[in-house]
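>>> dropping a prediction and its sequence here:
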Amino acid sequence: MLEKYFKLQENGTNVKTEITAGITTFMTMVYILAVNPSILSASGMDSGSILTATAVASAIGCFCMAAFSNKPFALSAGLGLNAYFAYTVCIGMGYPWQVALTAVFVEGLIFIALSLTNVREAIFNAIPKNLKVAVSCGIGLFITFIGVQNAGIIVESATLVGLFGFKASLTNGTFATNGISAILALIGVVIVAYLLIKGVKGYMLYGILITWALGIICQLVGLYVPNPELGFYSVIPNAIVSAPASMAPTMFKLDFGFIASHLLDFIVVVFAFLFVDIFDTLGTVIGCAAKADMLDENGQLDGIKGVLLADAVATTVGALLGTSTVTTFVESSSGISEGGRTGLTAVTTGVLFLVALFLSPLFLTIPSFATAPALIVVGFLMMQQVSKIDWNDLTEAIPCFCCITMMGFAYSISDGISFGIISYTALKLLTGKKDHLNPLLYVLSVLFILKYFLI
């Protein structure tokens with residue numbers, strides 16, 4: 001049955017590989033169940049309801065991905081978009097969270113329309129092949145940056161970012177939290193890398209579990225001391241099973257009455273959600289598909305319409321349940337690195353999100369220093385594709401470089417794509433190579449420029 005539905009042999013995979021990949025993807029993105037309630041609750045929403053809504057919406061999104069496209073991409077509430085929801089729309093603009101949910105719902109409906117009318121597919125296909133590779137490499141840099149930050153290896157400093165001060169932590173008393181966490185993450189990177197080199201199947205999942213086990217040992221012997229005030233929690237579960245919180249406080253709490261009296265403001269909010277989500281999703285899909293060798297010789301992805309439709313439906317359903325924009329997660333690349341190639345990977349991740357509703361104390365105990373090594377190694381694997389870029393044609397290479405660097409330095413997939421497309425269009429025009437430009441690139445370049453100055 002699984003073979004018939006997911007076409008495993010045709011995609012060069014098997015049930016064991018797909019399930020392992022799904023578990024790995026879930027382990028690297030389960031943090032969203034802790035992070036999303038923390039961020040969205042700042043808007044006044046009930047945190048327990050947010051956690052349940054996030055898990056259910058994530059599962060629905062993963063199931064839609066499998067049903068509509070048979071691709072191994074997992075979905076959940078997008079980071080950045082949830083912060084915009086809580087801190088900009090609700091706190092900054094002063095709008096009730098019900099209005100923000102309504103904006104996300106409307107955005108989702110627009111997404112569905114764009115997906116069904118091939119607009120998003122056209123945008124995907126308009127991005128040049130070299131830039132598609134650059135997007136994948138840029139996501140590699142971006143996800144590595146996330147990993148080293150989550151691990152506490154790279155921290156804020158006078159130079160914006162810097163290496164964690166191990167020596168200073170010994171004298172100021174923070175080594176038992178910050179220091180040991182960073183060291184465990186570095187050990188985890190070595191473990192994952194060693195297992196990768198040895199060709200061990202499930203190396204990422206094993207790396208996460210081994211690093212977590214080392215953390216438990218360190219806590220038991222007193223090397224790691226939890227300090228919730230500093231954001232360092234116990235890595236030993238104090239419970240395993242718990243009943244999921246009710247979604248009633250946030251479910252179906254949309255407010256359409258606001259639109260009539262604040263139409264222009266509402267349109268701006270919807271457009272901001274729409275713009276960021278379109279290019280975050282496209283960037284993630286491009287990067288993950290390139291990593292899995294799913295792009296054809298023209299850089300196009302078979303079944304892209306189903307992928308984008310799943311993303312749109314998940315966003316719409318998520319808003320109804322009570323969570324911010326649901327989008328394709330870059331952490332999907334960790335499961336792809338484990339060999340995930342079909343929707344069975346996504347289904348496995350979705351099932352685990354539902355299981356997490358009842359095992360949340362266990363899953364939420366997985367420390368970031370245990371999942372960070374997987375993200376760092378995935379970053380390395382995605383950066384390997386940089387050799388596929390045509391570095392001899394500077395009108396191709398320079399925009400790719402802009403895309404890669406800005407994605408990491410601006411901490412945004414959509415900004416990386418923006419700078420890549422703007423510079424690509426400008427250089428092709430200035431050098432008389434406009435025959436290489438898809439007409440849609442002109443439109444996108446203008447929209448990106450307007451975005452930075454008007455939105």
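Everything's here; your move.
>>> which ones are touching the spatially most central residue of the chain?
In the chain, the C-alpha nearest the mean C-alpha coordinate belongs to Phe329, at 3.1 Å (C-alpha atoms, centre = their mean). Taking C-beta atoms under 8 Å, 6 or more residues apart in numbering, we find Phe329 in contact with Thr25, Met29, Ile32, Phe73, Ala74, Leu75, Ser76, Gly78, Thr284. Every residue, glycine included, has its C-beta placed from N, CA and C.
>>> quick one: which of these sit in strands?
Leu75, Ser76 (DSSP state E).
>>> break this protein into its domains for me.
As assigned by automatic domain parsing, the chain contains the domains 10-389, 390-455.
>>> can you tell me the closest non-neighbouring residue to Gly147?
Leaving aside its chain neighbours, Gly147 sits nearest to Leu375 (3.3 Å; criterion: C-beta to C-beta, 6 or more residues apart in numbering).
>>> give me the distance between the one you found and Ile154.
According to C-beta to C-beta, to the nearest Å, Leu375 stands 12 Å off from Ile154.
>>> same question, Cys137
Cys137 is 19 Å from Ile154, by C-beta to C-beta.
>>> which residue of these two possesses the greater neighbour count?
Counted by other C-beta atoms under 10 Å, Cys137 and Ile154 do not tie: Cys137 has more neighbours, with 27 against 18.
>>> what's the helix or strand for the closest residue to Ala74 other than its chain neighbours?
Leaving aside its sequence neighbours, Ala74 sits nearest to Thr349 (C-beta to C-beta, 6+ apart; 4.2 Å). Secondary-structure assignment from DSSP states H and E places Thr349 in helix 343-356.
>>> would you mark the buried spots in that helix?
For helix 343-356, the neighbour count (16 or more other C-beta atoms under 10 Å) marks 343-354, 356 as buried.
>>> what of stretch 430-437?
Leu437.
>>> same check on stretch 405-421?
Judged by neighbour count (16+ other C-beta under 10 Å), stretch 405-421 contains these buried residues: 405-409, 412-421.
>>> what about that stretch, how long is it end to end?
From its first residue to its last, stretch 405-421 covers 13 Å (C-alpha to C-alpha, to the nearest Å).
>>> CSV for the buried residues of helix 343-356, including pLDDT?
Formatted as CSV, these follow (pLDDT from 0 to 100):
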residue, pLDDT
Gly343, 92
Leu344, 95
Thr345, 96
Ala346, 96
Val347, 97
Thr348, 97
Thr349, 96
Gly350, 97
Val351, 97
Leu352, 96
Phe353, 96
Leu354, 96
Ala356, 91
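>>> any chance of TSV for those residues, columns distance to Phe369?
Below are those laid out as TSV (distance: C-beta to C-beta, whole Å):
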residue	distance to Phe369
Gly343	31
Leu344	30
Thr345	25
Ala346	27
Val347	29
Thr348	24
Thr349	22
Gly350	26
Val351	26
Leu352	21
Phe353	22
Leu354	26
Ala356	20
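>>> out of those, which is nearest to Leu196?
Nearest to Leu196 among these: Thr345, at 18.4 Å, using C-beta to C-beta.
>>> excluding chain neighbours, what is closest to Met45?
Of all residues not flanking Met45 in the chain, Trp97 sits nearest, at 5.1 Å (C-beta to C-beta, 6+ apart).
>>> same check, this time on Phe252
Phe252 sits nearest to Leu320 (C-beta to C-beta, 6+ apart), 6.0 Å away.
>>> can you tell me the SS state at the one you found?
Three-state call for Leu320 (DSSP: H, G, I helix; E, B strand; the rest coil): helix.
>>> so for it, what's the pLDDT?
pLDDT for Leu320: 97.
>>> who touches it in this structure?
By C-beta under 8 Å, 6+ apart, the contact list for Leu320 reads Phe105, Met251, Phe252, Leu254.
>>> farthest pair within these?
Across the contacts of Leu320 (C-beta to C-beta), the longest gap, 12.2 Å, separates Phe105 and Met251.
>>> looking at these two, which is more packed in?
Between Phe105 and Met251, counting by other C-beta under 10 Å, Phe105 is the more crowded of the two (19 against 16).
>>> distance of the more buried one relative to Ala248?
To Ala248, Phe105 is 18 Å away according to C-beta to C-beta.
>>> so what pLDDT did Thr431 get?
94.
>>> find the nearest non-adjacent residue to it, please.
According to C-beta to C-beta, 6+ apart, the nearest residue to Thr431 is Thr395 (5.4 Å).
>>> count the residues that sit near the one you found.
By the criterion of other C-beta under 10 Å, Thr395 has 19 neighbours.
>>> remind me which helix or strand it belongs to.
For Thr395, the host element (DSSP H and E) is helix 394-409.
>>> how about residues contacting that helix?
128, 130-131, 133-135, 137-139, 141-142, 144-145, 283, 386, 389-391, 412-413, 415-421, 423-424, 427-428, 431, 433, 436.
>>> hmm, try it at 7 Å
Contacts of helix 394-409 with the rest of the structure, by C-beta atoms under 7 Å, 6 or more residues apart in numbering, involve 130-131, 134-135, 137-139, 141-142, 145, 389-391, 413, 415-417, 419-420, 423-424, 427-428, 431, 433.
>>> average pLDDT for it?
Rounded mean pLDDT across helix 394-409 is 94.
>>> ok, stretch 10-17 next?
pLDDT averaged over stretch 10-17 gives 90.
>>> got the end-to-end distance for that stretch?
Start-to-end, stretch 10-17 (C-alpha to C-alpha) is 14 Å.
>>> and Gln384, how close does it get to Cys400?
Taking C-beta to C-beta, one finds Gln384 at 15 Å from Cys400.
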